[in-house]
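> Would you be able to build a 3D model of this:
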Amino acid sequence: MNWMPFSNSVILPDIIKSLILLTMILIGRLVLMRAVAHSTSLTVETKRRWVLMIRNIVAAVFVIGLAFIWAHELSTFAVSLVAIAVALVLATKELILCLSGTVLRAGSNAYTLGDRIEVSGTRGNVIDQNVLATTLLEIGPGHCSSQYTGRAVVFPNSLLLSHPVINETYMKEYLVHVLTIPLTMEDDWQAAEKLLLEISVSECLPFMEEARVHMKQLEGKAWLDAPSVEPRVSIHLPEPGRIDLLLRIPSPAHRTSRLEQAILRRFLSAFSSKTARRERLG
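Presented below is the predicted three-dimensional model:
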């Protein structure tokens, strides 16, 4: 048998040193054990304690001796382990971020199945979620519509670490919805405001009491001031020559689009008729 490759190995001196250390440890342990066993001045209980102490000390000396002998090889192995760990982290960086996003979502209770959320400009209802990604049934286009586009959007949970999450259905069954009615300075904005408020009250009346009770319950559970459910109209001047009527109404969480369309259609029909009548009289 050819022993040359083994004899030229860099670890051969360490193996020899380890065998010498083991031999010395065994001899020393045997000598000490015999000395304790043949001692006539020690009680049985004392001998038992000495035997246990010798075993522990011998084992500790052996481990420390091996550490000194193999220190260089251990340091090389440790560097290799660190390199492997760094490569593994770099290779699985996105997966780790996705898992971190999942922990953040679960810890903050940011959203759950059925919630309507917006993340990084994408809006939709949550239809699936797992440890790596969340699936939305997209709503759009933009913020001006609450209708499904027919597309499913899957985004990695790592987005939750770098983008805010807007939960539009945080209030669950009922929420507060705002829609904008743009007008010009030539329009009769006072008549439009009155008409818009009347139509809103009429459309919201069937569920107004339920919405009021829900908001009160939410106030007690979430420790927040319950918003008023009465429809309100605010005036906004975004630019010269333009007036925006901001209508704030209560709405069932998943009927926002229908309610908005019903109010807009009634308002446009009534306001157009009133404007046309005024022009004929004028």
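> Only C-alpha atoms from now on, for both contacts and neighbour counts.
OK.
> Show me what stretch 85-101 is in contact with.
With contacts defined as CA atoms under 8 Å, 6 or more residues apart in numbering, stretch 85-101 is touched by 131-133, 156-161.
> again, only using 7 Å
131-132, 156-158, 160-161 (CA atoms under 7 Å, 6 or more residues apart in numbering).
> before we move on, what about stretch 105-112?
126, 167.
> List the buried residues for that stretch?
Residues 105, 110-112 are the ones in stretch 105-112 that count as buried (16 or more other CA atoms under 10 Å).
> farthest pair in those residues?
105 and 112 (9.0 Å; CA to CA).
> in the stretch 51-200 of the chain, which spans are strands?
Assignment of strands within the stretch 51-200 of the chain using DSSP state E, counting those that start in this stretch yields the ranges 116-119, 122-129, 133-140, 147-156, 165-167, 174-184.
> send the alpha carbons of the second one over as PDB?
Only the C-alpha atoms of strand 122-129 are listed here, as PDB (Å, rounded to 0.1, in the frame of the first residue of the first chain):
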ATOM      1  CA  THR A 122     -51.800  48.400  -6.900                       C
ATOM      2  CA  ARG A 123     -55.300  48.100  -5.500                       C
ATOM      3  CA  GLY A 124     -57.400  45.000  -5.000                       C
ATOM      4  CA  ASN A 125     -59.200  42.600  -2.800                       C
ATOM      5  CA  VAL A 126     -57.000  40.000  -1.000                       C
ATOM      6  CA  ILE A 127     -58.000  36.500  -2.400                       C
ATOM      7  CA  ASP A 128     -54.900  34.500  -1.300                       C
ATOM      8  CA  GLN A 129     -51.900  34.900   1.000                       C
END
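> Give me the distance between that strand and the centre of its chain.
How far strand 122-129 lies from its chain's middle: 14 Å, per CA atoms, centre = their mean, to the nearest Å.
> do stretch 191-206 as well
40 Å.
> rewinding a little: name the nearest of the buried residues of stretch 105-112 relative to residue 169.
The closest of those to residue 169 turns out to be residue 111 (CA to CA; 8.9 Å).
> Buried residues, stretch 89-105. List them.
95, 97-102, 104-105.
> Could you dump these into CSV with distance to residue 87 and pLDDT added?
Formatted as CSV, the buried residues of stretch 89-105 follow (distance: CA to CA, whole Å; pLDDT from 0 to 100):
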residue, distance to residue 87, pLDDT
95, 14, 87
97, 16, 90
98, 18, 91
99, 18, 90
100, 19, 91
101, 22, 91
102, 23, 90
104, 25, 90
105, 27, 90
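> Can you list which of the residues you listed are found in helices?
95, 97-102, 104-105 (DSSP state H).
> between those residues, which is nearest residue 176?
Nearest to residue 176 among those: residue 105, at 23.8 Å, using CA to CA.
> What's the separation between that closest one and residue 99?
Per CA to CA, to the nearest Å, residue 105 is found 10 Å from residue 99.
> now swap in residue 150 and tell me
Residue 150 is 28 Å from residue 99, by CA to CA.
> residue at max distance from the center of the chain?
residue 40 (71.0 Å; CA atoms, centre = their mean).
> Surely that residue forms part of a strand?
No - under DSSP: H, G, I helix; E, B strand; the rest coil, residue 40 sits outside any strand and is assigned coil.
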